Structure formats: structure tokens, C-alpha cells
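>>> here is the input, now give the coordinates:
(2 chains)
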Amino acid sequence: MNDTADWRTTSHNYPRSTAGETFRLDGNAAAGLLSEIFALEMTTAETRCAMCDASAPLGSLMMYGGQMGTVLRCPTCDHVQMRITHIPTNDGQYWLDMSGMTSLRIRSSFPT
Amino acid sequence: MPDTLTRLAWQLATVVRLIEETPTVKSLVLDVPGWKGHFAGQHLDVRLTAEDGYQAERSYSIASAPAESQLKITVERLDDGEVSPYLVGELRTADELELRGPIGGWFTWRPADGGPVLLIAGGTGIVPLMSMIRQRAAVKSPVPVSLLYSSRSVDELIYRDELERHAAMDAHFEAVYTLTRSQPVGWEGYRRRLDTTMLEELRFTPADRPLVYICGPTAFVETAATACVEIGHAPDRIKTERFGPTGGTA
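Reported below is the predicted structural model:
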């Protein structure tokens, strides 16, 4: 059974039959997962790539999702800017590797 | 503490009404207590919990306009899916559903963002774009909008009557369709997959510097975005929302 067909976007909770498969989506698809960690709206935050120095809204990064976590890559040079893994232990830990970005500029309020 | 610092929580929504859009697509009208509103283009997460505690989450784009009183999502039943067969086939009025949202500030359009706006939809990728079209109509925004909507067949076009009504009433809104697999007799729209010629024949050219929103399956979005850039649309004016698996090509 291919359970992946309606895998729509977001979240670390991938369909259980997708081990090993990878999806390519937009950074916007990581919005739900990011909202579990950060208090502010993150998809409009500007990242700066540690490899090519290009600046881009987090929602426009390329998102690769799989059983091992979520990877956000630079839309300009494909460098891995951010990796997020949720470890479902009893105290539920998020593991973030943000070494691929030099800065993250976050708006303090989401414009209305 | 301002609202922006209130973290998203899962909450129970009640199904108020189910609308059959096509044989495989339904819209769910939801009552969500305390819903704080959304922006056109945002999505929400739905979580189903099985008896054994297994949980499956999926995201669905919001179809209704922020200005509408009722919140709607539109869901396509995928026979091999885990969540959509339940939402489209099993769910009944007055049932409860666990959700959180709204989510995602990037792929959004507000009337104040201006335009012109070029919307490109593949299949159910029309859903978040429909929220933008509905919002624009609800607030009587003068921003000109052009929609290019690709579907396999005429039966699979969602919201077609409503789109035609908008187009008939509003000279600043055009809806152009392409049917890639089968076309009814007398079909006057396009009959092929999206290409650069099709984009060039739309009302807005790159010289108009439209805001471009593309939503659909990953392959469709990538084809459309590449074609847009090829004919000269500014990459920084293009926003994309992909969905679905890519077949492990990453």
C-alpha cells in the first residue's frame, strides 16, 4: 500500500510506510513543525546561507522530508541550511542543526 | 503577550456541512471555536487518531476567504491515502475533527499586497488560490487577477461554476483552463500540459511584474515555475506551494 499519496505538506509525522522515501516541498510546508518550536511566524523569516550568502524567506527554501527529519536547503545553491529532527522520547525532543545559515531575521509581528 | 506569541494548539472542530465539489473532492465547512482568522493561502493541519493510538497528520489548504464567516477546507480523496478517504468518505455532519491552524505565512496574499496577480493551479492546487480569489471578491479589491487552472478533465475542475461567475461579473478577473487528458465536445480552453506559450497568452506578461502564485503537485509546480522564469517573470515575485511525493528523486 502506498500511504504517501495524500501526504500534503508539513510536519514531522510522516505516513508510516514512507521509510526511506524523501519528499521535495517548499519551506512553507515546514510551517506546522516550525510553529511547534518557535513562537513567531517563521516562514516569512529571512535566512542567510552560510555557503553562498544568498538571503531568502524560509518559506521559499526547498524542503526535503523523510523519516529521519526535515531538511531545508538554499534555493540558490542547494546548501543545507537547517535540519530538524523530532525525537519522540518521553520528553519529546527537537534537534535543530542550523549551522548552514549565518543569520535568521525574524519579524516580531506578522503583518495584518 | 501579543497574539503572535500564542503558540498553535490542537483543537476540536465540528463539521457543519459537507459539499460535494466533484465525485472525489469534498469541501468541509468547519466550526472552530475561537478561530482567530487566517490569510488567504494559509493551511491547517488535521490529525486523526486510530484506536491503537497511531496518529496521522495531513495539511489542507484553507479554501474559504478570511472575510467569510465559515471556515472551509477542500479535500481530494486519494484511494491509497491514510487520511483523505476518511475525510471525504466517512466524515458526517456534526462529527468532530482535531486540527490546528492557521499555518504558514509565506504563501499568502492580502489585498494590500497589490498586483496584478497571476495564479497558476494544478489539480487541487486551486484550493489556496480560491481563497485568494474569494477574498479579493469579498473585499471588492480592484487588483486584476488572472488564473490559469490545469486539470485532467472537466469533471475534475473544482469550483468551476463559482469561477465562471467571478469571471462574468468582473472584468478584472480572468479564468483560463487547460484540460490535459480529456476534453468535452466543444471545449474552447487549452488541451495540453502547461507550457510557455500558454503563459505568454495570459493577460499579464512579465512586463506587468505580476505577483505569481503557483500551487499543485510537485512536478507541476516545478514545470510552471521554470516556465515562468523562462519567459521572464521575476523569480522574487514567484511563490510556490508543492504537495505530494516526488517519487524519491531528491
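
>>> can you tell me if stretch B:24-32 touches chain A.
No - using C-beta under 8 Å from any C-beta of the partner chain, stretch B:24-32 stays clear of chain A, coming no nearer than 11.4 Å. Every C-beta, even on glycine, is put in place using the N, C-alpha and C of the backbone.

>>> what is the mean pLDDT for that stretch?
Regarding stretch B:24-32, the rounded mean pLDDT is 96.

>>> show the contacting residues for B:Met130.
Counting by C-beta atoms under 8 Å, 6 or more residues apart in numbering or on different chains, B:Met130 touches B:63, B:74, B:158-159, B:162.

>>> recalculate using a threshold of 6 Å.
Counting by C-beta atoms under 6 Å, 6 or more residues apart in numbering or on different chains, B:Met130 touches B:63, B:159.

>>> if I've got this straight, it is in a helix?
Yes - under DSSP: H, G, I helix; E, B strand; the rest coil, B:Met130 sits within a helix.

>>> the residue in chain B that chain A sits nearest to: which element?
The nearest approach of chain B to chain A comes at B:Trp106, 2.4 Å away (C-beta to the nearest C-beta). Under the criterion DSSP states H and E, no helix or strand holds B:Trp106.

>>> now the closest residue to it other than its chain neighbours: phi and psi?
Nearest residue to B:Trp106, sequence neighbours excluded (C-beta to C-beta, 6 or more residues apart in numbering or on different chains): A:Gly59, at 2.4 Å. Backbone geometry at A:Gly59, expressed as degrees, to the nearest 10, gives phi -70, psi -20.

>>> can you get me a residue count around A:Gly59?
A:Gly59: 27 surrounding residues under other C-beta atoms under 10 Å in any protein chain shown.

>>> what's the answer for the one 4 residues further on, then?
In terms of burial, A:Met63 registers 26 neighbours under the definition other C-beta under 10 Å.

>>> and the spatially closest residue to it that is not a sequence neighbour, how many neighbours?
Nearest residue to A:Met63 in three dimensions, chain neighbours excluded: A:Leu25, at 4.6 Å (C-beta to C-beta, 6+ apart). Using other C-beta under 10 Å, A:Leu25 has 27 other residues around it.

>>> isn't A:Leu25 up against B:Arg242?
Yes - with contact defined as C-beta atoms under 6 Å, A:Leu25 counts as touching B:Arg242 (4.7 Å).

>>> the top strand by length along chain A close to chain B?
Counting by DSSP state E, the longest strand found in chain A is strand A:80-87. No - legend: contact between strand A:80-87 and chain B by C-beta under 6 Å from any C-beta of the partner chain is lacking; minimum distance shown is 11.8 Å.
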